[in-house]
Each structure stands twice: as C-alpha cells, then as structure tokens.
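1. Can you look at this prediction? I've put the sequence above it.
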Amino acid sequence: MIIQLEKDITDIQRATLEAKLQSVSYQTTEVATQFSEYIIGVGKKEFDIRAIGTMPGIRDIHRVSDAYKLVSKKWKVEDTQIDLGDGIKIGGGSFAMMAGPCSIESEEQIESTIAHLVKNNVRIMRGGVYKPRSSPYSFRGLGIDGLKLWYKKASEAGIKIITEVMMTEQIDDMIEYIDVFQVGARNSQNFNLLDALGKVDKPVMLKRGISGTIDELLQSAEYIFSNGNEKIMLCERGIRTYENSYRNCMDLNAIAMLKEKSHLPVIADPSHGIGVRRFVERIALASVMAGADGVIFEVHECPEKAFSDGQQTLSYEEAETLFDRLRKTFEFRENL
C-alpha cells in the first residue's frame, strides 16, 4: 500500500493515520522525497482502504501488491518526466539522446565530441571518468580532474553530462560536476551505493545487472526511491547469456515490460547491448519501437583509436545518421 500525504498534514493527523494502520497490523515506513511524502504499508490483512483514504491529511492511497511499490505503475499511472533544466527533459513524452565516448581521454577529445553533439542538437553527453574494467591493466579513466574539465567545457556549450559513479565515497566529489549519475551493471545491486544515491537531489540512471531480472532492476530502483530520490531512469543494456556471437543479449522485451510495470523513464543502451558497431544502429531503432524513452550510445571521432570499447563505438558520421533516424523513428512511433 502507498499512502501519499498532503504537504500540510498535521502531527495529530499523522499520528491518527499510523494508529489506524497499526490497528490492521500493517508495518509502516515513511518516505520523504524531493516532491512528496509517503507512507508505505506492508501487511496481509484485507480491509477497505477507503477508510484510510478519506482521513484528513491523505492526498491519495493505492493498493500495490508488488514488492517494489514506489516505482510501480500501479499507483502512478502517468509516466515520470525528469527535468535536467535548460529545456532538457527525459520521459513523459520526450525522447532523449545521450552520446559520447566510453572513456573521457583528453581535453581535445572533449572539445571535439561537444562540437559534434552541438552540431546535431544533442544535449546530453555520456562518458566515463571512472571505468570498471575486467582487466586491472586497462585504462581506468581520468578521475575527478578529468570530470571537472569535462563539466566546464560541457556547461559552456549547454550540454548536460552523465557519468558512472562506482563507490559511495565518490558521490560528494562528483556531485557538483555532473548532471546525471550512472550506476553501471556491476553495481546494480550495490545497495549501499543505491541507498546513498537516494539521498541526493540528482537524477540517477540505473543499468540492469549483467544477469539481472526485470524485478531485480525494479527492486534496485526502489532502494533509490525509498531513500528520497524520485529522479530515476532505468536502462536496458543487455544481459549475459551462453551466446558468444555478440557482447550481450539486448533484451528488447525488457523495454516493453519495464514500460508496463513502472512509471520511470526507460533508456536503451545498444552499444553495450550488442557490442558490435555495425549492428548498433539497428538495435537502437528497434529499442525506440519497443517503447524506450531515450537511447544512450558510444561515439568517438576515431573509434579504432578509442582507449576502450572501440569495437562498439560509432564514428561521427555513423552517429550523425543515427541521430536523424532516431528522431524519425520516435516521431513514427508516436503517430501510430
């Protein structure tokens, strides 16, 4: 059960509500976010929720049986829209494109990528300054100094940035210099990190775990929401299977199901989803038709010279074609 409280609820009204819930043997958890206050009720006893919904101080009440409640579409029918400022919105009828290199490599690379995005009217740049790599000897990013340089250049051009946070200890250092925190697949069930990101007022894009189920992804999002942050995006980036012809198995079904189960925006990552450059465009366009609210993919001036993931990274020319086709495909989908 989710009970949304009025902003002006009194202490007496709150105490009366809690007493009523205790009388029907419901355990309660209070959640305060940037936008509202909620009480989550968990119990087995059936009762008429109208008896609570008509109490003073209650804005709305919904019965939600899912283990994940706050991110469920059973209580919030309208899709969530995340506003990054400067007219840049994600979800709720808007379509977002996020592009950039796997790794932030140099000042020259930052400037070149920003110029490419500005030329194509793409307002969100992706890139990694802390890189989780399978090999400890691979390039692992420029760290906080690279982030500060990147943020300065992007801000001057009106570009928002999204980058991965790997540890709770990095949040305070990064928060001033990012617009969206990304939680990578390896950290999708790092509950300490999710709890901490729930306490900040910055959007979070949560990627599906390497072998994670849809419900596990939604449960992870619930950790963030229940700690106070409603600004969450879900990202389908492919899961690991026994197939080795491509990097991951891009689960287009998951995009449709996530849109059915949750009110949160859903972003597709075709670069990691298939990991083969020549197929990234097809998977990206298919993701739009499956219902994605946005696409994030990798682009580099010269993919063959990229410090990481060059095999799945588009060139500027390839990306320019994809930007145009993504817009046309989204328009086609919306007019169906």
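-> Yep, it's here.
2. my guess is Thr163 meets Ile175, correct?
-> No. The pair formed by Thr163 and Ile175 falls short of the contact definition of Cβ atoms under 8 Å, at 11.4 Å. C-beta: built from backbone N, CA, C; applies to glycine.
3. And the two? Which one has more around it.
-> Ranked by neighbour count (other Cβ atoms under 10 Å), Thr163 and Ile175 place Thr163 first, with 24 against 14.
4. how much space between that one and Val288?
-> Applying Cβ to Cβ, to the nearest Å, one obtains 24 Å for the distance of Thr163 from Val288.
5. So which bits of the helix or strand where Thr28 lies are buried?
-> For Thr28, the element it lies in under DSSP states H and E is strand 27-32. Along strand 27-32, these residues count as buried under the neighbour rule (16 or more other Cβ atoms under 10 Å): Val31.
6. Which parts of the protein are helices?
-> Assigned helices in the chain, in chain order: 11-23, 50-53, 107-119, 143-156, 168-174, 191-197, 214-226, 252-261, 270-274, 277-290, 316-334 (criterion: DSSP state H).
7. weakest of the ones you listed in terms of mean pLDDT?
-> Set side by side, the helices of the chain give their lowest mean pLDDT on helix 50-53, at a mean of 88.
8. Not counting its own residues, what contacts that one?
-> Residues from elsewhere that reach helix 50-53, judged by Cβ atoms under 8 Å, 6 or more residues apart in numbering: 3, 17, 20-21, 58, 60-61.
9. now do 6 Å
-> The list of residues contacting helix 50-53 from outside it, by Cβ atoms under 6 Å, 6 or more residues apart in numbering, reads Ile61.
10. again with stretch 67-87
-> Residues outside stretch 67-87 that contact it (Cβ under 6 Å, 6+ apart): 2, 40, 62, 64, 66, 89-92, 160, 179, 203, 218-219, 221-222, 225, 231, 262-264.
11. Now Gly209: closest residue in space that isn't a chain neighbour?
-> Closest residue to Gly209 apart from its sequence neighbours, by Cβ to Cβ, 6 or more residues apart in numbering: Ser188 at 3.9 Å.
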